[in-house]
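> Could you work out the structure for the sequence below:
(2 chains)
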Amino acid sequence: MADGDDRRPPPGSRLLWPLLALPGTVWLALLFVAPLYVVLAILFGGVDPILREPVPVWNPLNWDFTQFTYVWDHIVGHAPFFRPALVRTVLYVTISSVLCLLVAYPVAYFTARYAGRWKGVLLAALIAPFWISYMMRMLAWVNLLQTDGLVNRALSVGFFHVHVDWLQGHATTVVLGLVYGYVPYMILPLFAGLDRIPVPMLEAARDLGASRWETFRRVTWPLSRTAVVVSLLITTLPMLGDYFTNDLLSGSPSTSMIGNLINNSVLTPGQTGQAGAFVLIILVVSIVPMVLYVRSTRSGQDVMT
Amino acid sequence: MTSRRDRRSPAAWYRDPWRKPWVLGAFTLGYLAWSLLPVLVAVLFSFNAGRSRVTWQGFSMRWYYGDPLRSVWHDSSLHTALTHTLMLGLLATVVTVPLGVAMALGLDRWRGRIPAGANLAVLISFVLPEILIAVSLLFVATVLTSPLRLGTSGQVLGLVTFQLSYPVVIVRARLLTIGRDYEEAAVDLGASPFGAVWRVLMKMLLPAIFASAVLVFADVIDDFIIVRYLSGDSSTEPVSVKVYNTARAAPTPALNALTTLLLVASLVAVTLGFLAYRWFTRGEKGRSLDVFAGEA
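Numbers count the residues shown, from 1 in each chain, chains lettered A, B, ... in the order given. Here you go, the predicted structure:
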């Protein structure tokens, strides 16, 4: 044992680690991986003609693609009544994510670099929305955006009389609601990334004659790019499945997104397969960003060690 | 010095390399106001004497306990939602944290194909849109004949599945900074492998465990998608579902009162967690809040 080379683990430990990891692993296998397969079995299964209940087909060789092609035809085919919601999802989520980044980056940057002795207080205030329930934050806006609510009254100062029905299917309201809801989740990873940048490196850039803007563009921004990617993923992926922000702030089919399609079909008899198809679409769309995320956490750990 | 600076032209101010970042500071303050004021207004109106949620009619505790029919105290559908939310939070946290901590320890040292797969599953469940997990579990509960039942048990099973990645990710990050030296020293000094983990590593992991417990609790009482799909009937509908169902149907300020109470519960949990965290990390150098900020 005295020699460093002879460091074999003691006999008991070989069993200890699998034993510790096994309960969680079995849990995820049974309640995370297997249910995703159930979705596929239902989507590619049949529907009981009388009871309108889904009949899952477990063997991939016997899979029936009718339900999926039905949905697919109504996205790309002649009667594309699912298409607008998908286009809106892409539009709303893209615009909201970009707006989130435009708000979150300066705030995280200021907190990490200039907050000084206020850093702790500021950080606590930035984390606060985490402890406030999402529904409460949306409820707050439902109250403010009523036709006789504070927003309209604030806008009516002076000669104008603003009487906008903000909550009746306005795309702007939905996008701003998404930004309001998801910005806090973006600020924290950005802050963590920006806070890690060594200050001497920025001072060196300034000493060597770079202006503020050049220092930002050529040092800070490249060093924070990983944090930007991670924070975009952390906000964009949940937004893809969001339907409640939409329901609370608009509730109109003219702004519905893919999450609303899932929510509307999942509890309707005979349409469970459709819900499965939309779930599959989200899954496929999120796989690429997820691979990016997993790779970025790996490289992050390499840097840390 | 300052007076000379104040009289400069805007261009000179702009060119000063050491000027204070007023614009960024104002932007940050503006963001904070935008982010927190609406919630404060909602809290304020929970104390409104009248029925309106937009016009202030005087202070009262009517919507908390005064109103004999519609206050949180007297309307059973409201306080059931609150107690159910808190119960789900406690149950899910109690199951998730031990399961996740054990999994983090195991995955950190166990090499092979199974742990690699489990690791991937953890990371994917960390970022996968929640609606996918909720829909798949709903199908398992309703289409198949399985032990998964709608109602409290189903909600807890679903929540644990979704939250499991939090303790795993946080504890593994902490394990990475601890390293293996302490544990090997303990084994060299005669501890069994299990003893080394239990008596040495666990002590050092306590801050991370507390942090993840607080995060899981706060996230569970905030959860909506999973608890809604897996709720059996109105008696297992938590606050978030109650808000979703009634927010657009001309609710009374009692709904504001309900969410305010939930906010208080959440703040109490966070304060307790933070104090415990400070207690466990006393004497340690470094930024003690990193574990809250980095992984959430």
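
> Okay, and the closest residue to chain A within chain B sits in which element?
Nearest to chain A in chain B, going by Cβ to the nearest Cβ, is residue B:106, at a distance of 2.5 Å. For the C-beta atoms, the positions are set from N, CA and C on the backbone; glycine is no exception. Element membership for residue B:106, per DSSP states H and E: helix B:76-109.

> Near residue A:212, how many other residues are there?
17 (other Cβ atoms under 10 Å in any protein chain shown).

> Residue A:81 now?
9.

> State the pLDDT value of it.
Residue A:81 is assigned 83 on the pLDDT scale.

> other SSEs contacting the helix holding residue B:106?
helix A:13-28, helix B:113-127, helix B:152-163, helix B:165-178, helix B:202-221, helix B:239-246, helix B:254-280 (3 or more Cβ pairs under 8 Å, 6 or more residues apart in numbering or on different chains; DSSP states H and E).

> So the residue of chain B closest to chain A sits against residue A:26, correct?
No. At 11.7 Å, residue B:106 does not count as touching residue A:26 under the criterion of Cβ atoms under 8 Å.

> Pick out whichever of these two has more residues nearby.
residue B:106 (22 against 11).

> Over to the closest residue to residue A:234 other than its chain neighbours. Which of the three states is it?
What sits nearest to residue A:234 in space, not counting adjacent residues and going by Cβ to Cβ, 6 or more residues apart in numbering or on different chains, is residue A:185, at 5.6 Å. Under DSSP: H, G, I helix; E, B strand; the rest coil, the three-state class of residue A:185 is helix.

> related to what we said a few turns ago, and of the helices and strands packed on helix B:76-109, who's closest to residue B:133?
Distance to residue B:133, taken as Cβ to Cβ, is lowest for helix B:152-163 among those, at 5.4 Å.

> got the residues of the stretch 151-300 of chain A near chain B?
A:167, A:180, A:183-185, A:188-189, A:191-192, A:206, A:211-212, A:233-234, A:237-238, A:240-241, A:243-244, A:247-248, A:251, A:259, A:262-263, A:266, A:272, A:275-276, A:279, A:282-283, A:286, A:289-290, A:293-294, A:297 (Cβ under 8 Å from any Cβ of the partner chain).

> how about the helices and strands packed on helix B:76-109 in a markdown table, adding distance to residue A:59?
Below are the helices and strands packed on helix B:76-109 laid out as a markdown table (distance: least, Cβ to Cβ, whole Å):
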| stretch | distance to residue A:59 |
| --- | --- |
| helix A:13-28 | 24 |
| helix B:113-127 | 23 |
| helix B:152-163 | 26 |
| helix B:165-178 | 31 |
| helix B:202-221 | 37 |
| helix B:239-246 | 37 |
| helix B:254-280 | 46 |
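
> and the ones you listed, which is most packed in?
helix B:152-163 (a mean of 24; mean count of other Cβ atoms under 10 Å in any protein chain shown).

> Could you confirm whether that one reaches chain A?
Yes. Contact of helix B:152-163 with chain A (Cβ under 8 Å from any Cβ) involves B:157, B:158, B:160, B:161.

> and of the residues you listed, the nearest to residue A:86?
residue B:158 (26.6 Å).

> Would you mind confirming that the closest one makes contact with residue B:226?
Yes. Proximity of residue B:158 to residue B:226 meets the contact threshold set by Cβ under 8 Å, at 4.4 Å.

> Buried ones in the helix holding residue B:106, by neighbour count?
By neighbour count with 16 or more other Cβ atoms under 10 Å in any protein chain shown, helix B:76-109 contains the buried residues B:78, B:80-82, B:84-89, B:91-93, B:95-97, B:99-109.

> Make sure residue B:27 is actually in contact with residue A:111.
No. Contact criterion Cβ under 8 Å: residue B:27 and residue A:111 do not qualify, at 11.2 Å.

> So for the two, which sits in the more crowded spot?
residue A:111 (24 against 16).

> Give me the phi and psi for residue B:222.
Torsion angles at residue B:222 (phi, psi; degrees, to the nearest 10) stand at phi -90, psi -10.

> Neighbours of it, how many?
Residue B:222 has 23 nearby residues by other Cβ under 10 Å.

> quick one, phi psi at the closest residue to it other than its chain neighbours?
Closest residue in space to residue B:222, ignoring its immediate chain neighbours: residue A:133 at 4.7 Å, by Cβ to Cβ, 6+ apart. Backbone torsions for residue A:133, taken as degrees, to the nearest 10, come to phi -60, psi 140.

> circling back to that earlier point, what's the residue of chain B closest to chain A in contact with, if anything?
A:16, A:17, A:18, A:19, A:20, A:21, A:22, A:24, A:25, B:115 (Cβ atoms under 8 Å, 6 or more residues apart in numbering or on different chains).

> Distance check, the residue lying closest to it once chain neighbours are set aside against residue B:249.
Counting by Cβ to Cβ, 6+ apart, residue A:21 is the residue found nearest to residue B:106 once chain neighbours are left out, at 2.5 Å. Residue A:21 is 47 Å from residue B:249, where distance means Cβ to Cβ, to the nearest Å.

> Next SSE downstream of the host helix or strand of residue A:189?
In this assignment (DSSP H and E), residue A:189 forms part of helix A:171-195. Per DSSP H and E, the first helix or strand lying C-terminal to helix A:171-195 is helix A:199-207.

> Can you name every helix or strand that that following helix contacts?
If you count contacts as 3+ Cβ pairs under 8 Å, 6+ apart, helix A:199-207 packs onto helix A:212-215.

> Flag every buried residue along stretch A:113-129.
A:113, A:115, A:119, A:122, A:123, A:125, A:126, A:127, A:128, A:129.

> give me the residue from chain A nearest chain B.
Here chain A gets closest to chain B at one residue, residue A:21, 2.5 Å apart by Cβ to the nearest Cβ.

> Test my guess that that residue contacts residue B:99.
No. Using Cβ under 8 Å, residue A:21 makes no contact with residue B:99, being 10.3 Å away.

> My understanding was that residue A:17 contacts residue B:103; is that so?
No. With contact defined as Cβ under 8 Å, residue A:17 does not count as touching residue B:103 (10.4 Å).

> Quick check: which ranges of the stretch 51-200 of chain A have low pLDDT?
A:158-159 (pLDDT under 70).

> need the strands for it, in chain order.
Taking DSSP state E, counting those that start in this stretch as the test, the strands found in the stretch 51-200 of chain A are A:54-55.
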